[in-house]
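A.B. asks: need coordinates for the below:
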Amino acid sequence: MNLNRAPILALFAAAICIPTAYAGESVVVAARETQAVVSPGTTHLRLVKLPALDFALRAAFNCTGTAESLTLSIADTHDTLGEDTISGQRSAEAILTVPPRQLALASGSRFCLADDLSSADELLVPGLATAHASLRCRNDEGVRVHFTSAPLQVRLLCERPPTEDQDPSPDK
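C.D. replies: Next up, the predicted model:
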């Protein structure tokens, strides 16, 4: 997997400089593209059953006062980082593994069909799910909670069984 961090880092740098409703308090979340390998489906269904997906999330945040907690979530999967973990930090990372039952089936009319070898072996699904971040900040004026979200992109790769006319791999 390509771990190109430049676009994510640029997003965080911009987010920290953007003024918010409460001066000095903000949260931004982003994720790298996630890849998943799927098996061919039948032509008449045209739906792709997804496996569990691992999403690498990064949140950049800033509190005036103390950051009490940062919650990252996708669908019904979440991770809450407490004050002891994020104190003195400006960003945090987490990997959330989302079970297949929490995500909608992907639809691809010409993707990974068992009885059509000419169907595509790769499908990019932008916005398949959404990452959410919730930042809780405490200072002398009280407690404020800040929210943000970002769409997630998934690249599905079709894993077809070898055909009879293909030579077996030399390492087997």
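A.B. asks: residue 73 is in contact with residue 130, isn't it?
C.D. replies: No. Using CB atoms under 8 Å, residue 73 is not in contact with residue 130; the gap is 9.1 Å. Using the backbone N, CA and C atoms, a C-beta is placed for each residue, glycine as well.
A.B. asks: who has more neighbours out of the two?
C.D. replies: Taking residue 73 and residue 130 together and counting by other CB atoms under 10 Å, residue 73 has the greater number of neighbours (20 against 13).
A.B. asks: I'd like the next helix or strand past the helix or strand harbouring the more buried one.
C.D. replies: In this structure, residue 73 sits in strand 66-74 according to DSSP states H and E. Later in the chain than strand 66-74, the nearest helix or strand by DSSP H and E is strand 77-82.
A.B. asks: quick revisit: distance between the strand holding residue 73 and the chain's centre?
C.D. replies: Distance, stretch centre to chain centre, for strand 66-74: 16 Å (CA atoms, centre = their mean, to the nearest Å).
A.B. asks: you'd agree residue 75 is up against residue 102?
C.D. replies: Yes. Using CB under 8 Å, residue 75 is in contact with residue 102, at 3.8 Å.
A.B. asks: so what's the spatially most central residue of the chain up against?
C.D. replies: Of all residues in the chain, the one closest to the mean position by CA atoms, centre = their mean is residue 55, 3.8 Å from it. Taking CB atoms under 8 Å, 6 or more residues apart in numbering, we find residue 55 in contact with 31, 34, 74, 95-98, 129, 131, 152.
A.B. asks: change it to 6 Å
C.D. replies: By CB atoms under 6 Å, 6 or more residues apart in numbering, the contact list for residue 55 reads 31, 34, 74, 96.
A.B. asks: over to residue 156?
C.D. replies: Here residue 156 is in contact with 36, 38, 123 (CB under 6 Å, 6+ apart).
A.B. asks: hmm, residue 47 and the second one touching each other?
C.D. replies: No. In this structure, residue 38 sits apart from residue 47 without contact. The criterion is CB atoms under 6 Å, and the distance is 10.6 Å.
A.B. asks: who has more neighbours, the two?
C.D. replies: residue 38 (18 against 12).
A.B. asks: fine by me, thanks again.
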